[in-house]
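Undergrad: Have a look at this prediction, sequence included:
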Amino acid sequence: MSEETAVAQADSTVIRAEALGKTYAEGRMRTPVFDGLDFRVEAGETVAILGASGAGKSTLLHLLGGLDTPTSGEVYVAGQKMSALSDAARGQLRNRALGFVYQFHHLLPEFTALENAMLPLLLGGAATDAAAARARELLEAVGLGHRIEHKPGELSGGERQRAAVARALVNRPACVLGDEPTGNLDERTAGTVFELMLELNRAQRTSLVLVTHDRRLARKLDRVVELHEARLREVAPDQV
Ligand SMILES: Nc1ncnc2c1ncn2[C@@H]1O[C@H](COP(=O)(O)OP(=O)(O)O)[C@@H](O)[C@H]1O
Ligand SMILES: [Mg+2]
């Protein structure tokens, strides 16, 4: 492969996992979750990860996001081998290239929606004014322009998740990773937040990897994979 081709490939692949394996070990107890998983996310692509409870979906997402270390195999984010980076460098790459949305919003309770959404930018070294302007823009995009001074406890469940989506996208990450981001919402609110994530990802050309067990929502993404019995398999669109 020429160097030029290698660079082009690195640019179009946002996350690449090779022969990924995870076994939890606590004391003498070993819990093998999966082994030898290959997975790729291309720029702008949206991928759903389906699987039964306990199949290892959160584990996989944590490994892809550099929040946990694999037992075997490698994860590359934006072409960089995660295992080769120092903790600090990995943290920086994570903050720059990835956004996270969890089932429970994980907003800081003592900070306003605006401050929560600014946080990734401030951690990345942005100036306060610029961070506030960008965070406000995102909060407006998720329909929370009138709630920016509210703390998480003063927002509804759906509003909190929308604030979490704003926070995840504020840094213009290459990829947003969502672990059942709508799993804790009623069906209608879940649908709205889901559509919002898709819209924003399209508008910003961000990739999106979403763990969900809602097949109806999964069907709206470009690609669906299923984690089943420690294997990851592509699901044909008409089989979802
Ligand atoms: N920190 C941990 N220590 C030991 N076992 C764990 C840990 N986290 C998850 N597991 C186990 O790994 C398996 C996969 O968990 P998880 O990735 O959370 O599944 P899912 O998100 O698909 O429900 C489960 O059997 C779970 O009990
Ligand atoms: Mg999970």
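TA: The structure has been received and is ready for your questions. Numbers count the residues shown, from 1 in each chain. Ligands and ions are numbered 1, 2, ... in the order given.
Undergrad: only C-alpha atoms for contact and neighbour calcs from this point on.
TA: OK.
Undergrad: So Arg233 sits against Val225, correct?
TA: Yes: using C-alpha atoms under 8 Å, Arg233 is in contact with Val225, at 5.4 Å.
Undergrad: Looking at these two, which is more packed in?
TA: Taking neighbours as other C-alpha atoms under 10 Å, Arg233 and Val225 compare with Val225 leading, 21 against 16.
Undergrad: Test my guess that that one contacts Val41.
TA: No: applying C-alpha under 8 Å, one finds Val225 not in contact with Val41, separated by 11.4 Å.
Undergrad: which residues do those two both contact?
TA: Common neighbours of Val225 and Val41, counting by C-alpha atoms under 8 Å, 6 or more residues apart in numbering, are Val47.
Undergrad: Near ligand 1, which residues of this structure are found?
TA: Tyr24, Thr31, Val33, Ser53, Gly54, Ala55, Gly56, Lys57, Ser58, Thr59 (C-alpha under 6 Å from any ligand atom).
Undergrad: ok, now with 5 Å
TA: Near ligand 1, the residues belonging to the chain are Tyr24, Ser53, Gly54, Ala55, Gly56, Lys57, Ser58, Thr59 when assessed by C-alpha under 5 Å from any ligand atom.
Undergrad: Show me the helices in this structure, by range?
TA: Assigned by DSSP state H, the helices in the chain fall at 3-12, 57-64, 87-97, 113-123, 128-141, 157-169, 187-204, 215-218.
Undergrad: how about the shortest one: buried residues?
TA: The one in question is helix 215-218. Leu217, Ala218 (16 or more other C-alpha atoms under 10 Å).
Undergrad: So what touches that helix?
TA: Ala48, Ile49, Leu50, Gly191, Phe194, Thr212, Val224, Val240.
Undergrad: Can I get that helix in CSV, CA atoms only?
TA: Written as CSV, here are the backbone C-alpha positions of helix 215-218 (Å, rounded to 0.1, in the frame of the first residue of the first chain):
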residue,chain,number,x,y,z
ARG,A,215,-34.8,-2.8,16.6
ARG,A,216,-37.2,-0.2,15.3
LEU,A,217,-34.7,2.6,16.1
ALA,A,218,-31.7,0.5,15.0
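Undergrad: and the residue most central in space within the chain, what does it touch?
TA: The geometric centre of the chain, computed from its C-alpha atoms, lies nearest to Leu177 (C-alpha atoms, centre = their mean), at 0.9 Å. For Leu177, the contacting residues are Leu61, Gly65, Leu98, Gly99, Phe100, Val101, Leu208, Val209, Leu210, taking C-alpha under 8 Å, 6+ apart as the criterion.
Undergrad: returning to that earlier point: with neighbour count added, can I get the residues of the chain next to ligand 1 in JSON lines?
TA: Listed next are the residues of the chain next to ligand 1 as JSON lines, based on neighbours: other C-alpha atoms under 10 Å:
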{"residue": "Tyr24", "neighbour count": "13"}
{"residue": "Ser53", "neighbour count": "9"}
{"residue": "Gly54", "neighbour count": "11"}
{"residue": "Ala55", "neighbour count": "18"}
{"residue": "Gly56", "neighbour count": "20"}
{"residue": "Lys57", "neighbour count": "23"}
{"residue": "Ser58", "neighbour count": "17"}
{"residue": "Thr59", "neighbour count": "22"}
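Undergrad: tell me which of these is nearest to Gly153?
TA: Comparing the residues of the chain next to ligand 1 against Gly153 with C-alpha to C-alpha picks out Ser58 as the nearest, at 25.7 Å.
Undergrad: so who does the closest residue to that closest one other than its chain neighbours touch?
TA: Take Ser58 and drop its neighbours on the chain: the residue closest to it by C-alpha to C-alpha, 6 or more residues apart in numbering is Asp179, 6.5 Å away. Asp179 makes contact with Ser58, Leu61, Val101, Tyr102, Gln103, Leu210, Val211, Thr212, according to C-alpha under 8 Å, 6+ apart.
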